[in-house]
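Asker: Fold the following, please.
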Amino acid sequence: MYRLAASPNPSARAAVLGAAFQSAVEPVQAIDATFAALALALAAGHRPRSEGLLAFLELCYQPADLDAGAARMGTYLREVGAAPHPVFARFAYEAGWLTLRSGVRQYVLSMPYLTPRPERRVGPERRPRRVVARLSGGLGNQLFQYAATLAYARRIRAPLRLDLANYEGPVVDREFLLGRLRIPIRRANSFEVLTTRLRPHRETRGVFDDFMFGDHGAGWLCGFWEDPAYFADIVATVRRRFRPRDESIAVAARKLVERARGHAGPVIGVHLRRGDRGPGGSAFSPFSSLPSVYYRQAASEFPASANFLVFSDTPEDIAWCRKHLGLGDGTNVTFGDGSDPILDMFALTECDHVILSAGSFSWWAGYLGDRPGRRVLAPNPLQGLAAAHVMVPPPMPLQPHWEPITLAPAALTGSPTVLDM
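Answerer: Below you'll find the predicted structure:
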């Protein structure tokens, strides 16, 4: 990993870093991978990620681990011949974490913020205008992408079409789910995809995308746009369309919540983001899922009479929750079955209060269910991420009235809690 710190190839750096986190099974491996991520961010001049990783290190690791990790960072950089790099030669690694942090922070403050990449505007804008959005990911990602690109299309007075190529083919790991909501699906035909791809815009991660607020004409949009600011002027439309198309789903969601109301206490919806982020999954890495201690700490915020209704990605994840979550004595805890993400999301919106995971699915369950008096407890945005995705400001900002839960570093790094997910 450290050998790539001076590499000009960002794709190679990202691939190696991602593999390092997926293969980390011991706390020391996760610590070294996090320090390596900091080295790569510094070498790349990536200020949002450098700032985020400085904060992430202190939030997730104990002081003694940080001192040892800083010393190993210096040793590894010398061994691979990267230490003479002008960036790395600035810092005193053996002096401990506090000294290293001070030097890195001073250097980071001198770095410029990233600016969006220049756009390729090869072809002329064709009339009539069309905005084509390339969708990807699961339900939470699809909701952010649709809301942001619909807002852009509305601003420039153009229709929105959807490019669904990521949900076709022999190997598809996610399902297109927006068609089950009250969204008028207008799929882009091949001509619309071809012509708008001559005028592409791709989101630069870690930089607020001002492009989405101007009139840049027709285009092919690709990104995540995980911030409600992108659709702030069409909130009423978003809330109206982001409801189940089939009313029986809404009815089933309400019934599920009422069945969980075993006695007079409130129903607390709980979501665990596992699936491909759980151990053995393609996106697993330390901190990509939250340990059960986070959920127990959040649950302690509610009265003893509270009922907990738990959801996760798959039936196998629900089985794990039944065995390991430990929210109560079992009489006040019920579970979804993990078979239908649409039902699960809208059951969460019907709960009196919610405890969220760090995923985009959870964010929307909290957002769409907002109402006066409803408590939304969410993880500290940095602690809920894998280090490969950490940056400042973090993606998916919490709503102002949501209550963040910050765990003590020992809860995240003490064996065996790295895998207690």
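
Asker: in this structure, which residue is closest to the centre?
Answerer: G359 (4.8 Å; CA atoms, centre = their mean).

Asker: pretty sure that one is touching L143, no?
Answerer: No: using CB atoms under 8 Å, G359 is not in contact with L143, being 11.7 Å away. Bear in mind the C-beta positions are built from the backbone N, C-alpha and C, glycine included.

Asker: contacting residues around D215?
Answerer: 155-156 (CB atoms under 8 Å, 6 or more residues apart in numbering).

Asker: Which of the helices or strands spans it?
Answerer: Using DSSP states H and E, D215 sits in no helix or strand.

Asker: Okay, it and T204: tell me how far apart.
Answerer: Look at D215 and T204: by CB to CB, to the nearest Å, they are 20 Å apart.

Asker: Equivalent analysis for S300, please.
Answerer: Counting by CB to CB - S300 and T204 are separated by 40 Å.

Asker: These two: which is more packed in?
Answerer: Higher neighbour count among S300 and T204: T204, with 14 against 9, using other CB atoms under 10 Å.

Asker: SS state for the more buried one?
Answerer: Following DSSP: H, G, I helix; E, B strand; the rest coil, T204 is assigned to coil.

Asker: That one against P48, yeah?
Answerer: No: judged on CB under 8 Å, T204 makes no contact with P48 at a distance of 10.1 Å.

Asker: just for this protein, where's the confidence low?
Answerer: 1-23, 25, 81-84, 115-121, 275-288, 413-421 (pLDDT under 70).

Asker: just the helices in it please.
Answerer: Along the chain, the segments classed as helices by DSSP state H run 10-23, 27-44, 47-60, 63-79, 97-109, 139-155, 190-196, 235-241, 247-260, 292-299, 315-324, 341-350, 360-368, 409-413.

Asker: Now these in JSON lines, please, with extra columns for distance to P397 and mean neighbour count.
Answerer: Output for these, formatted as JSON lines (distance: least, CB to CB, whole Å; neighbours: other CB atoms under 10 Å):
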{"stretch": "helix 10-23", "distance to P397": "23", "mean neighbour count": "16"}
{"stretch": "helix 27-44", "distance to P397": "21", "mean neighbour count": "23"}
{"stretch": "helix 47-60", "distance to P397": "13", "mean neighbour count": "22"}
{"stretch": "helix 63-79", "distance to P397": "27", "mean neighbour count": "18"}
{"stretch": "helix 97-109", "distance to P397": "21", "mean neighbour count": "16"}
{"stretch": "helix 139-155", "distance to P397": "12", "mean neighbour count": "22"}
{"stretch": "helix 190-196", "distance to P397": "29", "mean neighbour count": "16"}
{"stretch": "helix 235-241", "distance to P397": "15", "mean neighbour count": "14"}
{"stretch": "helix 247-260", "distance to P397": "26", "mean neighbour count": "16"}
{"stretch": "helix 292-299", "distance to P397": "19", "mean neighbour count": "20"}
{"stretch": "helix 315-324", "distance to P397": "26", "mean neighbour count": "15"}
{"stretch": "helix 341-350", "distance to P397": "19", "mean neighbour count": "23"}
{"stretch": "helix 360-368", "distance to P397": "9", "mean neighbour count": "23"}
{"stretch": "helix 409-413", "distance to P397": "21", "mean neighbour count": "18"}
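
Asker: can you redo those as CSV with distance to V376?
Answerer: Compiled in CSV, the helices of the chain are given as follows (distance: least, CB to CB, whole Å):
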stretch, distance to V376
helix 10-23, 28
helix 27-44, 28
helix 47-60, 20
helix 63-79, 31
helix 97-109, 32
helix 139-155, 15
helix 190-196, 37
helix 235-241, 16
helix 247-260, 16
helix 292-299, 10
helix 315-324, 20
helix 341-350, 10
helix 360-368, 4
helix 409-413, 21
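
Asker: how about the ones you listed, which one is nearest A386?
Answerer: Judged by CB to CB, the one of the helices of the chain that comes nearest to A386 is helix 10-23, at 5.5 Å.

Asker: the residue most distant from the middle of the protein, which is it?
Answerer: Farthest-from-centroid check, the chain (CA atoms, centre = their mean): R127, 36.5 Å.

Asker: burial of the residue nearest to Q297 when sequence neighbours are not counted, as a residue count?
Answerer: Nearest non-adjacent residue to Q297, counting by CB to CB, 6 or more residues apart in numbering: I405, 6.0 Å away. Under the neighbour criterion other CB under 10 Å, I405 is assigned a count of 19.

Asker: How much space separates L407 from P393?
Answerer: 20 Å.

Asker: Counting neighbours, go ahead and name the busier of those two.
Answerer: A count of neighbours by other CB under 10 Å puts L407 above the other of L407 and P393, at 20 against 14.

Asker: Surely the more buried one touches G384?
Answerer: No: counting by CB under 8 Å, L407 stays clear of G384, with 9.9 Å between them.

Asker: Off-centre distance for stretch 130-141?
Answerer: Mean C-alpha position of stretch 130-141 versus that of the full chain (CA atoms, centre = their mean, to the nearest Å) differs by 15 Å.

Asker: Between the two ends of it, how far is it?
Answerer: 22 Å (CA to CA, to the nearest Å).
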